[in-house]
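S.K.: quick one, fold the following:
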Amino acid sequence: MSMLFESVSNTLRSFAANQTRTSLGMYFILLLLLSHLLLKLYVRRRDNPRGLPYPPGPKPLPLVGNLFDFARENESAAYLGMAHEHGDLVFLSALGINVLIVNNFQTANEIFEKRSVNYSDRHESPMINHLMGWDWSFGHMRYGERWKNHRKMFHRQFQQSVAPIYWPVQLKAAHGLLRLLHENPGDLINNLRHNAASVIMSVVYGIEVSPHDDRYISVAETALDGMARAANPGAFLVDLIPSLKYVPSWLPGAGFQVKARRWKKAVMEMRDAPFETVLKALKVGTASPCFVTNLVTDIEHKEHRDEEMEQIRNCAGLAYAAGAESSVSSLSSFFLAMILHPEVQQKAREELDRVVGRGRLPDFTDRDSLPYITAITKEVLRWNPVAPLGLPHMSTENDIYRGYFIPAGTLIMGNSWTILHDPETFPDPLRFNPERFTNKPDGQQFSPNDPLSTAFGYGRRICPGRFMAEAQLWVSVACILSVFDITPGKDENGRPVSVEAKFSSGMICHPLPFNYSITPRDEHTRRLIDQAMLMDA
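M.R.: Predicted coordinates for the structure are as follows:
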């Protein structure tokens with residue numbers, strides 16, 4: 001929603017620049033917009049005949065509502081400021097779109113968990129679902145049987161009890177990351193991207209990605225870049241006026257059609273290309289055991305095989321889409337935190353050396369004996385949550401909550417950043433402090449003290465791959481701290497460069513580029529890495 005005003009402005013500027021050709025089209029678009037607003041106003045009054053108050057929020061302006069109140073950057077921090085003024089619920093409405101931002105853990109639990117029947121739907125974005133081709137992703141599907149069938153299939157393969165099956169692949173990928181960091185420490189982000197892709201492609205498709213210029217990775221990056229740009233409600237005018245999806249791409253102001261066509265090509269190739277590769281390998285008997293081969297083999301003689309085959313294709317595609325950039329975000333935040341807090345590195349190394357020793361690398365059998373490493377992974381997820389606002393839920397029906405009227409079709413956004421930076425729950429919240437998670441039970445209870453309850457979403461829409469994601473972060477952190485020192489980079493005079501904790505805006509939050517240095521702890525580092533890679537082979 002942060003790009004709502006910019007979307008409208010850019011479209012109108014485009015029309016104005018081409019007015020000799022498009023004056024009729026401009027008036028048509030403005031008429032559509034006015035009709036849309038009048039219809040929304042009528043529905044709003046019809047559905048709330050008692051005149052109940054809406055949740056608190058900034059005072060709307062005539063016609064445009066809260067159009068200028070939506071944050072255009074640093075969304076989470078901006079909405080935190082609104083929460084300080086208006087409370088744990090902040091309601092915004094503009095151009096017919098209602099948005100409710102939830103800024104408190106208890107309130108999020110009441111809405112997304114206790115009232116999940118009404119707050120588990122998704123808004124069908126004309127740009128994302130229809131024009132860009134993401135309608136196959138159950139992360140974007142409307143709540144219903146189709147979504148439930150996809151979710152059930154995905155959950156069966158990635159639930160907590162199944163997660164240990166993937167540990168050998170994840171450990172091997174962590175060792176591969178160590179090798180990349182040792183051989184090319186100056187290319188951190190590309191190393192992390194390759195690592196994330198290697199885990200997911202191996203687990204889901206049994207495919208080993210190329211170290212450089214892998215076609216699967218490059219296509220997925222294009223598809224996910226489009227998703228990140230379109231994810232905020234109102235980023236494109238077509239999301240405000242759905243009938244614009246029928247406007248031809250040559251019409252000035254309809255440049256979104258050109259972008260959508262390019263992104264859709266990448267989206268469909270990301271989903272279909274690796275899946276077809278696995279099917280061909282299955283036919284000739286060369287496929288490796290993986291998510292796709294296991295499920296395809298299971299349905300070989302089923303009655304509704306085509307329908308389930310499509311579900312497998314869709315779930316496999318979503319596994320990559322959901323896991324790739326989130327893993328890069330978490331690990332890059334970890335590196336930044338280690339630079340800013342060398343005392344955390346030191347304490348972690350002391351635990352690793354005491355428990356594991358220097359003769360081997362840590363693995364999942366050491367997990368229960370390395371509570372400080374676990375605390376670091378939790379603090380990474382809290383300190384910079386991957387998706388600060390996540391994908392918005394949508395209310396299915398009109399609701400009354402605490403005396404406030406919440407209309408059907410309202411987009412509900414859990415502000416995970418604000419919740420995970422609540423000073424009452426997490427004192428000194430901007431400081432990276434793993435100690436806040438030491439000596440606490442590591443159970444599965446929904447607790448405000450555990451970022452796993454918030455960082456991966458809410459209610460029935462919580463990320464079903466969270467156990468695999470958290471395990472990958474844990475083993476990567478443990479292995480990296482075993483063999484590397486992470487310090488600030490140095491300037492031309494050999495002095496450490498100042499590093500600050502700054503992060504990008506958008507659906508997925510990454511640290512902004514920072515100077516760093518990754519060096520082996522000692523002369524045994526290469527031997528440990530080679531030894532681990534040899535055992536993996």
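
S.K.: can you name the next helix or strand after the host helix or strand of I189?
M.R.: I189 belongs to helix 188-205 when elements are defined using DSSP states H and E. Moving toward the C-terminus from helix 188-205, the first helix or strand encountered (DSSP H and E) is helix 215-230.

S.K.: that next one versus helix 188-205: what angle between them?
M.R.: On the basis of axes from the mean of the first three to the mean of the last three CA atoms, to 10 degrees, helix 215-230 is oriented at 110 degrees to helix 188-205.

S.K.: so which bits of helix 215-230 are buried?
M.R.: Y216, I217, V219, A220, E221, T222, A223, L224, G226, M227, R229, A230 (16 or more other CB atoms under 10 Å). Any C-beta I mention is one placed from the backbone N, CA and C, and that applies to glycine too.

S.K.: then stretch 136-147?
M.R.: So for stretch 136-147, counting by 16+ other CB under 10 Å, buried means W136, S137, F138, G139, H140, M141, R142, Y143, W147.

S.K.: what about it, average pLDDT?
M.R.: With pLDDT averaged residue by residue, stretch 136-147 scores 95.

S.K.: same deal with stretch 410-428?
M.R.: Per-residue pLDDT values across stretch 410-428 average out to 93.

S.K.: buried residues, it. List them.
M.R.: Those buried within stretch 410-428 under the rule 16+ other CB under 10 Å are 410-422, 425-426.

S.K.: cool, and stretch 346-357?
M.R.: For stretch 346-357, the neighbour count (16+ other CB under 10 Å) marks K347, A348, R349, E351, L352, V355, V356 as buried.

S.K.: equivalent analysis for stretch 493-506, please.
M.R.: Judged by neighbour count using 16+ other CB under 10 Å, the buried positions of stretch 493-506 are V499, A501, F503, S505, G506.

S.K.: looking at it, the third one is touching P513, isn't it?
M.R.: No: with the criterion set as CB atoms under 8 Å, F503 and P513 do not qualify as a contacting pair; they are 11.2 Å apart.

S.K.: show me the contacts for the closest residue to T438 other than its chain neighbours.
M.R.: Leaving aside its sequence neighbours, T438 sits nearest to A375 (CB to CB, 6 or more residues apart in numbering; 5.0 Å). With contact set as CB atoms under 8 Å, 6 or more residues apart in numbering, A375 has these partners: P434, E435, R436, F437, T438.

S.K.: returning to what we had before: buried ones in the helix holding I189, by neighbour count?
M.R.: For helix 188-205, the buried set under the neighbour-count rule, 16+ other CB under 10 Å, comprises 188, 191-205.

S.K.: the buried residues of stretch 136-147: which two are farthest apart?
M.R.: W136 and Y143 (16.1 Å; CB to CB).

S.K.: what ranges do the strands span in the stretch 301-450 of the chain?
M.R.: Taking DSSP state E, counting those that start in this stretch, the strands of the stretch 301-450 of the chain run over residues 393-394, 399-401, 404-406, 411-414.

S.K.: who does the last one pair up with?
M.R.: So the one you mean is strand 411-414. Paired strands of strand 411-414, with direction, are strand 97-102 (parallel), strand 393-394 (antiparallel) (DSSP bridges).

S.K.: state the next helix or strand along the chain beyond the longest one.
M.R.: Read in the C-terminal direction, the helix or strand following strand 97-102 is helix 105-108, with elements assigned using DSSP H and E.

S.K.: what's in contact with that following helix?
M.R.: Outside of helix 105-108, the residues that reach it under the criterion CB under 8 Å, 6+ apart are D88, L89, V102, G414, I419, D422, T425, P448, S453, T454, Y458.

S.K.: go through the residues you listed and flag which are in helices.
M.R.: When these are checked against helices (DSSP state H), the matches are I419.

S.K.: would a markdown table of the contacts of helix 105-108 with distance to V169 be doable?
M.R.: Conversion of those to a markdown table gives the following (distance: CB to CB, whole Å):
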| residue | distance to V169 |
| --- | --- |
| D88 | 41 |
| L89 | 42 |
| V102 | 36 |
| G414 | 31 |
| I419 | 32 |
| D422 | 36 |
| T425 | 35 |
| P448 | 33 |
| S453 | 26 |
| T454 | 27 |
| Y458 | 29 |
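
S.K.: where does pLDDT dip in the stretch 151-300 of the chain?
M.R.: Residues of the stretch 151-300 of the chain that meet the criterion pLDDT under 70 lie in 232-234.

S.K.: what about L381, neighbour count?
M.R.: Counted with other CB atoms under 10 Å, the neighbours of L381 add up to 26.
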